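Peer 1: fold the following.
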Amino acid sequence: MNSEWSLDELYKGFDDPKFAADLAKYDEMITKTNEFAAKISDMQPLDALKTYIAGSESSMQLLTDMYSYAMLRSSVNTKDTEAASISGRLMAKMSATTKAETIIKKFISEIPNLDELIESDPVLKEYEFLLKNIRADQKHTMSDECEEVAALYNISGASAWSDLHSYLTSSVTADFRGEKLTLSSVRNLAYSADPAVRKEAYEAELACYEKIRDSVAFSLNSIKLEVINNARLRGFESPLAQTLYNSRMTRKTLDALMAAMDEHLDVFRRYLRLKGEVLGHKNGIPWYDMFAPMGTNTKKYTVEEAKAYLLKIFRGFDNDLANMVERAFDEAWIDFYPREGKVGGAFCANLDGHNQSRVLTNFDGSFSDIVTLAHELGHAFHNLNIAGHRPLNNDYSMPVAETASTFNENVIMNAAIEAAETDEEKLFLIESQLQDAAQIMCDIYSRYLFETSVFENRENDFMPADRLCELMLDAQRRAYGNGLDPETLHPYMWLCKGHYYSTLSFYNFPYAFGGLFARGLYEKYMQEGAAFVPVYRKLLYATPVCTVEDTAKVAGIDLTDKKFWENSMLSYRHNVDEFERLSKKLNK
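Peer 2: Below you'll find the model as predicted:
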């Protein structure tokens with residue numbers, strides 16, 4: 001079994017003749033798109049729509065293959081200058097059709113009988129959601145010239161600032177006990193069974209941020225100001241309003257979600273206080289002990305053991321999911337281990353048109369890493385379930401993006417808890433589940449609060465690193481309450497989380513949405529059993545062509561009802577009760 005992924009499904013290298021051929025084809029498609037835009041006003045609407053769809057499907061596949069290859073190569077080696085160069089070239093090529101795309105979409109939005117044409121053609125009918133959104137998007141579209149300029153400036157603007165953040169955080173090293181460790185490696189020590197290691201690693205991590213904090217602060221300020229200006233130019237009230245619009249989600253749903261979280265975070269604060277007490281702390285748990293392992297399952301898993309573990313549990317839920325997981329391990333879809341130059345964290349990238357995905361992790365063998373694999377392979381399963389759509393229906397909005405991944409976590413954790421043979425093992429598993437849930441609830445809520453305050457401050461002021469640290473600490477105090485020791489928070493969470501460094505703002509509440517939505521779906525699965533599985537897969541299939549509210553309706557759920565979110569939050573209370581019982585029993 002390979003420990004590194006293979007990208008041969010895409011290309012065997014930048015010198016692969018197929019890459020050169022695809023690049024040439026894409027250049028031809030750019031020319032054709034610009035020529036098409038120049039004459040579209042003289043065309044019959046139905047012919048124009050069919051031509052646009054056919055051309056977009058072809059160019060999308062070419063671009064996706066090439067850009068995915070360059071991005072995936074860069075993610076495991078940020079010093080791969082060839083990949084960085086190709087990515088830049090592709091971004092420049094993408095901007096070459098911006099003006100044409102604006103003209104085309106404006107034409108589509110002004111077709112008076114668009115609904116009638118959609119109903120008249122089976123291919124257009126499959127793109128009904130896409131075409132109607134193009135029409136709706138026009139009120140948030142700038143002039144042709146402005147769209148072209150914005151696309152060009154993004155290359156040397158937010159995108160470049162994001163690249164700087166990735167480079168700095170993947171290159172910086174932490175000094176730990178005479179060794180120089182990558183940021184992802186030193187952060188992984190938070191899961192160590194040795195309390196001294198956890199505390200020293202936390203201190204080394206914070207010290208390492210001092211080396212790059214000012215540069216990264218410039219990066220964050222620049223990206224957020226660009227987002228503010230872009231939102232304003234497009235007629236949005238705020239970056240949050242823009243995010244909700246792009247997420248195909250209503251403010252009513254977000255308000256219901258946030259209200260339920262704010263009112264019931266005490267469930268998780270209680271868990272954190274209890275864990276802190278078990279570890280000998282009297283004033284809430286210190287940050288460096290939040291991920292301390294509990295129970296006796298301190299075993300390290302090999303990649304082969306992780307595979308066997310996942311397959312055993314997923315076979316009991318859905319054979320198609322298990323078969324896909326087996327393929328992912330056997331066919332080199334996964335890049336497992338941390339190494340210098342590799343980005344931290346984990347992600348899953350869909351290889352559109354190939355019925356495959358690629359998963360990056362920084363695997364060190366902990367049980368948490370098995371859960372991470374389950375999470376990322378949930379994304380891959382989501383991707384597999386939308387493969388039956390036409391090529392342009394290949395994307396789903398931010399909130400539902402975390403549904404399948406977090407649902408997978410519920411399947412893994414609840415099956416493992418049920419099968420636990422000892423109190424020690426059960427405590428470990430329940431604590432692991434609560435640990436992850438607390439991250440989705442408390443940590444994500446703090447990130448949402450932080451990003452909200454960043455946008456409010458960036459309207460008029462540049463925020464130096466010290467100010468960003470203050471805002472981060474304020475958000476953590478509000479979210480974690482008395483669950484955390486106020487003397488040992490993490491002022492640099494703004495620096496290490498890559499989601500802040502994108503023009504896709506507020507990539508935080510979707511995790512809470514996904515966590516609580518998946519929890520609610522899992523409760524339905526527990527009630528309905530195997531009959532729920534086809535409903536679940538139908539729901540996943542709906543995600544690229546429905547609003548989040550309509551997607552949930554597939555499973556009979558009203559997302560604007562706070563009670564749904566409250567029930568999901570409160571479903572964790574029995575886990576906290578069991579955690580308290582077991583921890584007290586085993587620590588008498």
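
Peer 1: my guess is Glu263 contacts Glu566. True?
Peer 2: Yes. With contact defined as C-beta atoms under 8 Å, Glu263 and Glu566 form a contacting pair (7.5 Å). (Each C-beta comes from the backbone N, C-alpha and C, glycine too.)

Peer 1: between those two, who's got more neighbours?
Peer 2: Glu566 (17 against 12; other C-beta atoms under 10 Å).

Peer 1: work out for me the element the more buried one sits within.
Peer 2: helix 562-570 (DSSP states H and E).

Peer 1: hmm, who's touching that helix?
Peer 2: Residues from elsewhere that reach helix 562-570 (C-beta atoms under 8 Å, 6 or more residues apart in numbering): 256-257, 259-261, 263-264, 267, 441, 516-517, 519-520, 523, 557-558.

Peer 1: give me the lowest-pLDDT entry from those residues.
Peer 2: Lowest in pLDDT among the contacts of helix 562-570 is Glu523, which has 91.

Peer 1: next, Leu484: phi, psi?
Peer 2: With angles defined as degrees, to the nearest 10, Leu484 sits at phi -110, psi 150.

Peer 1: run through who's touching the host helix or strand of Thr253.
Peer 2: Thr253 is located in helix 251-264, with elements delineated by DSSP H and E. With contact meaning C-beta under 8 Å, 6+ apart, helix 251-264 is reached by 241, 244, 441, 445, 448, 509, 512-513, 516, 548-549, 559-562, 564-566, 568-570.

Peer 1: do the same with stretch 456-471
Peer 2: 213-214, 216-217, 220-221, 224-225, 228, 450, 453-454, 491-492, 494-495.

Peer 1: going by distance to Glu110, which of those wins?
Peer 2: Minimum distance to Glu110 across the contacts of stretch 456-471 is 29.6 Å, recorded for Ile228 (C-beta to C-beta).

Peer 1: pLDDT score assigned to that closest one?
Peer 2: 97.

Peer 1: could you measure it against Pro399, distance?
Peer 2: For Ile228, the distance to Pro399 equals 22 Å [C-beta to C-beta, to the nearest Å].

Peer 1: so those two - more neighbours on which side?
Peer 2: Pro399 (28 against 19).

Peer 1: what is the mean pLDDT for the helix or strand containing that one?
Peer 2: Using DSSP H and E, the element containing Pro399 is helix 398-401. Averaged across helix 398-401, pLDDT comes to 88.

Peer 1: which neighbouring elements make contact with it?
Peer 2: Helices and strands touching helix 398-401, as assessed by 3 or more C-beta pairs under 8 Å, 6 or more residues apart in numbering; DSSP states H and E, comprise helix 509-528, helix 548-553.

Peer 1: so which of those gets nearest Thr250?
Peer 2: Across the helices and strands packed on helix 398-401, closest to Thr250 is helix 548-553 (C-beta to C-beta), at 6.5 Å.

Peer 1: buried sites along that closest one?
Peer 2: Across helix 548-553, burial judged by 16 or more other C-beta atoms under 10 Å covers 548-549, 551-552.

Peer 1: quickly name whichever of those residues is closest to Ile118.
Peer 2: Nearest to Ile118 among the buried residues of helix 548-553, with distances taken as C-beta to C-beta, is Thr551, at 20.3 Å.

Peer 1: nearest spatial neighbour of the closest one, skipping sequence neighbours?
Peer 2: Ala542 (4.9 Å; C-beta to C-beta, 6 or more residues apart in numbering).

Peer 1: for Glu145, same thing?
Peer 2: Lys99 (7.2 Å).

Peer 1: ok, Asn350 touching Ala387?
Peer 2: No. Assessed by C-beta under 8 Å, Asn350 is found out of contact with Ala387, at 9.0 Å.

Peer 1: out of these two, which sits in the more crowded spot?
Peer 2: Using other C-beta under 10 Å, the more surrounded residue of Asn350 and Ala387 is Asn350, with 21 against 14.

Peer 1: picking that back up, buried residues in the helix holding Thr253?
Peer 2: Under 16+ other C-beta under 10 Å, the buried positions of helix 251-264 are 253-254, 256-258, 260-261, 264.

Peer 1: let's have those in a markdown table, adding distance to Glu418.
Peer 2: Below are the buried residues of helix 251-264 laid out as a markdown table (distance: C-beta to C-beta, whole Å):
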| residue | distance to Glu418 |
| --- | --- |
| Thr253 | 32 |
| Leu254 | 34 |
| Ala256 | 31 |
| Leu257 | 28 |
| Met258 | 32 |
| Ala260 | 27 |
| Met261 | 27 |
| His264 | 25 |
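
Peer 1: now for these: which two are most distant?
Peer 2: Of all pairs in the buried residues of helix 251-264, the most separated under C-beta to C-beta is Thr253 and His264 at 17.0 Å.
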